[in-house]
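J.: sharing a sequence plus its predicted fold:
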Amino acid sequence: MHTHIHPSDAALFHSPFIWLPLCLWIAGCAGLPANTEPLRVNLVGVRVVDMQLFEQRYALTIRVQNPNPQDFHVAGLDFGLSINGESFAEGVSNQRVAIPAYGEVVMEVQVSSSWFRLFDQIRALEENAGEDFKYRISGSVSLSDSWIRLPFEREGRIGISPSKPLHHIQPENNARE
């Protein structure tokens, strides 16, 4: 069987619509070394900001660590918080921060949740009285000097006891990657 390339198909290979995106993609990938470690994002604290009937706002304090030998200039974050395996809140931030090589920054970012998600977590708290909450924070960091997004994911536990107020929760330091 002989395959012919039609002249109009050959012209497609000379089109900038094919080569320009490919070149941009390759250039973007060349912006980071191949052995770049993911950023570590740890949940440090949770604080209630606003409670409405259909939406609640929380301030998350996060610590972002850079285990790499180059600085990262963050243009923004896109992330979600899951509790006990259920999606709880989402957020974005356009805070611009510089994370030095082998350094860290502490940021406060806001997330929103629905009344239904909050109700599900309250019900789970009652059903599992005395047990720790498991959390997962995941998302991506956008760099200001590139269109590369660095993904992150971190899991840990939040110890809940009658002596700890629920409006200001501090996760335990036993978070694992």
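T.: In hand now; what should we look at?
J.: ok, the residue nearest in space to the middle of the chain - contacts?
T.: The chain has Gly139 as the residue nearest its centroid, 2.2 Å off, counting by CA atoms, centre = their mean. Contacts of Gly139 were listed using CB atoms under 8 Å, 6 or more residues apart in numbering, and they are Val41, Leu77, Asp78, Phe79, Gly80, Pro151, Phe152. For the C-beta atoms, the positions are set from N, CA and C on the backbone; glycine is no exception.
J.: can you redo those residues as a markdown table with neighbour count and distance to Ala59?
T.: Rendered in a markdown table, the data for those read as follows (neighbours: other CB atoms under 10 Å; distance: CB to CB, whole Å):
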| residue | neighbour count | distance to Ala59 |
| --- | --- | --- |
| Val41 | 24 | 15 |
| Leu77 | 24 | 14 |
| Asp78 | 15 | 17 |
| Phe79 | 21 | 13 |
| Gly80 | 14 | 16 |
| Pro151 | 11 | 23 |
| Phe152 | 20 | 19 |
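J.: you'd agree Tyr102 is up against Gln70?
T.: No: taking contacts as CB atoms under 8 Å, Tyr102 lies outside contact range of Gln70: 9.7 Å.
J.: check which helices and strands the helix or strand hosting Val64 sits against.
T.: Here Val64 is covered by strand 55-65, with elements defined by DSSP states H and E. The criterion is 3 or more CB pairs under 8 Å, 6 or more residues apart in numbering; DSSP states H and E, and the helices and strands that strand 55-65 contacts are strand 40-51, strand 97-99, strand 104-114, helix 115-127, strand 133-143.
J.: list just the one of the ones you listed that sits closest to Asn66.
T.: Go through those one by one with CB to CB and the one that ends up closest to Asn66 is strand 97-99, at 4.3 Å.
J.: where does the protein dip in pLDDT?
T.: 1-33, 160-177 (pLDDT under 70).
J.: let's see it at 80
T.: Low-confidence segments of the chain, defined by pLDDT under 80, are located at 1-34, 118-133, 145, 158-177.
J.: hang on, the earlier thing: mind listing what the strand holding Val64 pairs with, with the direction of each?
T.: Using DSSP bridges, the strands paired with strand 55-65 are strand 40-51 (antiparallel), strand 104-114 (antiparallel).
J.: touching the shortest one from outside, list them.
T.: Put plainly, it is strand 104-114. Under the criterion CB under 8 Å, 6+ apart, residues 44, 49, 54-66, 77, 79-81, 88-91, 93, 95, 97-99 lie in contact with strand 104-114.
J.: same check on stretch 38-49?
T.: With contact meaning CB under 8 Å, 6+ apart, stretch 38-49 is reached by 56-67, 72, 79, 81, 99, 106, 110, 135, 137, 139, 141, 150-152, 154, 156, 158, 167-171, 175, 177.
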